[in-house]
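Student: fold the following.
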Amino acid sequence: MRNILEISRLRMHFPVRQGIFSHKKGLIKAVDDVSFTIAPGETLGLVGESGCGKSTIGRCLVRLLEPTDGCIRLMGKDITHRPQWMLRGARRRIQMVFQDPASSLDPRMDVRHIISEPLDIRHTGSKASRRKRVDTLLDLVGLPQSAADKFPHEFSGGQRQRIGIARALAQNPQLLILDEPVSALDVSVQSQVLNLLLDLQKELNLAYLFISHDLSVVRHISDRVAVMYLGKIVEMAGADQLYQNPRHAYTKALMTAIPKPDPAQRSTIHVLPGDVPSPIDPPPGSAFGRRINHPYLEATYGMDLTPLEIEPGHWVAPDPCAISLADLTQLGIDIYQ
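Tutor: From the prediction side, this is the model:
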């Protein structure tokens, strides 16, 4: 079966300028050499600390940002540098749900116009059919049809996010980019929206790229999980496989930060020393090794740290500063050569 989305060596670099003449000072490497695929009906979770480049990837995929380099294939077609006027067909297949439902909905438009706007722009069907489509979408996301005549400020945060999801579904997309869709909601509302997304995926055979920093939420909804650190994917595997047997030290640190629901069960949080290196012209070698001042840091200078398959379906960056020597040997890497 052909993948819906294929990302190959994607890069998104932003120039840093200073002075009255805006001289180029350096580059912020927000996304640096990222590759992954998403199959029909699959959910890929993308996790990592704030600022690691997760949301930037989402904006590149829907072409809100022009990627610096790499390749984005949607349904087998390259859309990486396609001009905006040629993306209308692609945008019917890929849509985005944003983190803050309050700021992503126009406060001057009622719900009917918000949801029907993509259909109105493309002149899809008749006015009556578009009106009926809005009523169908509201029912699909669990809102009454009377909500169509109200404005965003009249709804709660969870209801506003349901409206955003309905708008994203208006053109029958095959892939949704979910950029932290529940992080701005109360915990009880989060579960309702997550269950809605799971029901919609099952009913409509949707594929998701689920971007989040909450690993417990990602495990609940994802088939596979990719862990990002400073613009790069450092580990990727099936959800159960990753949570039960993480190989990268950064992934292990993230796992220990997941809250335990049982107050009697104590958890030891592994706090990483140091700070994340600056993404502005990052120094050579392992960014993670530099953060923890690892003794093998110099051995990573000039190394290709592109993730390798350590077991079927489990990929990890061959970083001597982050994985065990046994894992390095399994990957066929000898740092003493």
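
Student: what residues of the host helix or strand of residue 194 count as buried?
Tutor: Per DSSP states H and E, residue 194 falls inside helix 187-204. By 16 or more other C-beta atoms under 10 Å, the buried positions in helix 187-204 come out as 189-190, 192-194, 196-197, 200-201. All C-beta spots, glycine's among them, are computed from the backbone N, C-alpha and C.

Student: tell me the first helix or strand C-terminal of that helix.
Tutor: Scanning forward in sequence from helix 187-204 by DSSP H and E, the next helix or strand is strand 207-211.

Student: which pair of the buried residues of helix 187-204 spans the longest distance?
Tutor: Of all pairs drawn from these, the greatest distance, 18.8 Å, lies between 189 and 201 (C-beta to C-beta).

Student: and for residue 146, the neighbour number?
Tutor: Neighbours of residue 146 under the rule other C-beta atoms under 10 Å: 9.

Student: quick one: it from residue 157, how far?
Tutor: Here the criterion is C-beta to C-beta, to the nearest Å. By it, residue 146 lies 19 Å from residue 157.

Student: check residue 187 too.
Tutor: As judged by C-beta to C-beta, residue 187 and residue 157 stand 12 Å apart.

Student: now swap in residue 127 and tell me
Tutor: Going from residue 127 to residue 157 by C-beta to C-beta gives 31 Å.

Student: these two: who's more crowded?
Tutor: Neighbours were counted for residue 127 and for residue 157 using other C-beta under 10 Å; residue 157 has more, 16 against 11.

Student: quick one, what contacts the more buried one?
Tutor: 101-102, 184-186, 189 (C-beta atoms under 8 Å, 6 or more residues apart in numbering).

Student: about what we covered before: same list (the buried residues of helix 187-204) but as TSV, adding pLDDT and distance to residue 332.
Tutor: Compiled in TSV, the buried residues of helix 187-204 are given as follows (pLDDT from 0 to 100; distance: C-beta to C-beta, whole Å):
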residue	pLDDT	distance to residue 332
189	88	48
190	89	43
192	91	47
193	92	44
194	93	40
196	94	45
197	95	40
200	95	43
201	95	38
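
Student: in a markdown table, list those along with distance to residue 331.
Tutor: Formatted as a markdown table, the buried residues of helix 187-204 follow (distance: C-beta to C-beta, whole Å):
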| residue | distance to residue 331 |
| --- | --- |
| 189 | 43 |
| 190 | 38 |
| 192 | 42 |
| 193 | 39 |
| 194 | 35 |
| 196 | 41 |
| 197 | 35 |
| 200 | 39 |
| 201 | 34 |
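
Student: now the helices for the stretch 201-337 of the chain?
Tutor: Secondary structure of the stretch 201-337 of the chain (DSSP state H, counting those that start in this stretch): helices at 215-221, 239-244, 249-256, 287-292, 325-330.

Student: same for the third one, what does it pack against?
Tutor: Counting contacts by 3 or more C-beta pairs under 8 Å, 6 or more residues apart in numbering; DSSP states H and E, the secondary-structure elements packed against helix 249-256 are strand 224-229, strand 232-238, helix 287-292.

Student: and the longest one, C-alpha only, in CSV?
Tutor: Extracted in CSV, the C-alpha atoms of strand 232-238 (Å, rounded to 0.1, in the frame of the first residue of the first chain):
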residue,chain,number,x,y,z
LYS,A,232,16.6,15.9,14.3
ILE,A,233,14.8,12.6,14.9
VAL,A,234,16.9,10.6,17.4
GLU,A,235,14.6,7.5,17.8
MET,A,236,11.5,6.1,16.1
ALA,A,237,9.6,2.9,16.7
GLY,A,238,6.1,1.4,17.3
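
Student: packing partners of that strand?
Tutor: Under the contact criterion of 3+ C-beta pairs under 8 Å, 6+ apart, strand 232-238 touches strand 23-38, strand 224-229, helix 249-256, strand 314-316.

Student: deepest of those, which one?
Tutor: Mean neighbour count, computed with mean count of other C-beta atoms under 10 Å, is highest for strand 224-229 among those, reaching a mean of 24.

Student: which strands and helices sit next to that one?
Tutor: strand 43-47, strand 232-238, helix 239-244, helix 249-256.

Student: reformat these as CSV; add distance to residue 120.
Tutor: Formatted as CSV, the helices and strands packed on strand 224-229 follow (distance: least, C-beta to C-beta, whole Å):
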stretch, distance to residue 120
strand 43-47, 30
strand 232-238, 38
helix 239-244, 39
helix 249-256, 43
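
Student: of those, which is nearest residue 11?
Tutor: With C-beta to C-beta as the criterion, residue 11 lies closest to strand 232-238 of these, at 10.3 Å.
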